[in-house]
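Q: show me how the following folds:
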Amino acid sequence: MIYSQIDSSISDILADTKKIEYQGILFYLIDKSHLDQILLLELEVREKDIELGIEKRNHFYDYAKIINPKYPAFKYTLSMKHKKKEIFDPQKVKKALPAEFEIWKNRSRAYLRREIDEPQSNISEQQAKRLIDELESKISRDEEKFKRILADFDSYDVVISTFEHYTYYPALYYVMELGDGKTKASDTHLRKDVPNLLWFRDERPFNELRANDKMSRIIQTFDRFCDTIYAKKR
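A: Residues are numbered from 1 along each chain as shown. All right, here's what the predicted structure looks like:
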């Protein structure tokens with residue numbers, strides 16, 4: 001097994017599963033046979049990582065998000081929810097700082113460019129140059145601070161937090177069938193960089209489903225076109 005082949009193997013496994021695109025994420029409803037293939041692939045990645053001395057909490061993190069490997073879900077809802085990030089552990093903060101600075105720098109430049117290019121912004125060429133120069137000056141000042149902190153990290157208390165910055169991410173609410181008539185509801189944020197996989201099995205009669213659950217069944221089994229039309233050949 002070669003790492004570069006994992007993405008291709010996942011695509012092959014998911015080729016005949018139901019794919020849902022929602023707010024920039026890819027969400028798949030998979031059955032037990034697909035789940036077993038994905039878990040086998042995850043095991044191969046984990047064993048290879050261990051063989052190479054790579055320590056990770058989630059060895060499959062770079063390839064897919066396996067939401068419910070133990071129990072099937074029989075209902076779900078997609079929505080947008082606020083997600084915050086808070087890192088207090090010094091070693092984790094130190095490791096994350098370079099990426100945080102790059103994200104902020106690129107996001108700031110992209111936001112200003114969108115503001116300048118907005119047709120109704122009325123920002124003149126001279127004003128745009130001034131705004132860009134001000135941002136670049138701020139980036140330079142903050143980069144100097146950033147370098148000083150990294151160079152003498154142990155002399156600082158540093159925390160990474162989005163407490164004052166509201167970010168919304170796609171989220172999933174789902175209910176699992178535990179057996180013996182027991183169920184469990186849970187929720188999780190979905191990832192935009194990898195496929196999100198929900199083991200889904202709903203055997204309830206269609207006429208007993210509520211409206212939302214009916215739509216979940218329809219989304220799973222019907223073809224969609226023109227955004228709002230779902231069809232299935234009899």
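Q: for this structure, what spans make up the helices?
A: Remark: helices assigned in the chain by DSSP state H are 6-14, 32-51, 90-117, 125-151, 211-221.
Q: so which of these comes closest to Leu78?
A: helix 211-221 (9.6 Å; CB to CB). C-beta: built from backbone N, CA, C; applies to glycine.
Q: tell me the buried residues in the closest one?
A: 213, 216-217, 219 (16 or more other CB atoms under 10 Å).
Q: now stretch 223-234
A: Under 16+ other CB under 10 Å, stretch 223-234 has no buried positions.
Q: who does the longest strand belonging to the chain pair up with?
A: Criterion DSSP state E: the longest strand present in the chain is strand 167-179. Strand 167-179 sits in its sheet next to strand 73-83 (antiparallel), strand 182-189 (antiparallel), going by DSSP bridges.
Q: what pLDDT does the closest residue to Ile13 other than its chain neighbours get?
A: Closest residue in space to Ile13, ignoring its immediate chain neighbours: Gln37 at 4.8 Å, by CB to CB, 6 or more residues apart in numbering. For Gln37, the model assigns a pLDDT of 97.
Q: how close does Gln37 sit to Arg234?
A: According to CB to CB, to the nearest Å, Gln37 and Arg234 sit 31 Å apart.
Q: still on that earlier bit, let's have the buried residues of helix 211-221 in JSON lines, adding distance to Tyr22 and pLDDT.
A: As requested, the buried residues of helix 211-221 are exported to JSON lines (distance: CB to CB, whole Å; pLDDT from 0 to 100):
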{"residue": "Asp213", "distance to Tyr22": "17", "pLDDT": "84"}
{"residue": "Ser216", "distance to Tyr22": "13", "pLDDT": "80"}
{"residue": "Arg217", "distance to Tyr22": "17", "pLDDT": "83"}
{"residue": "Ile219", "distance to Tyr22": "10", "pLDDT": "82"}
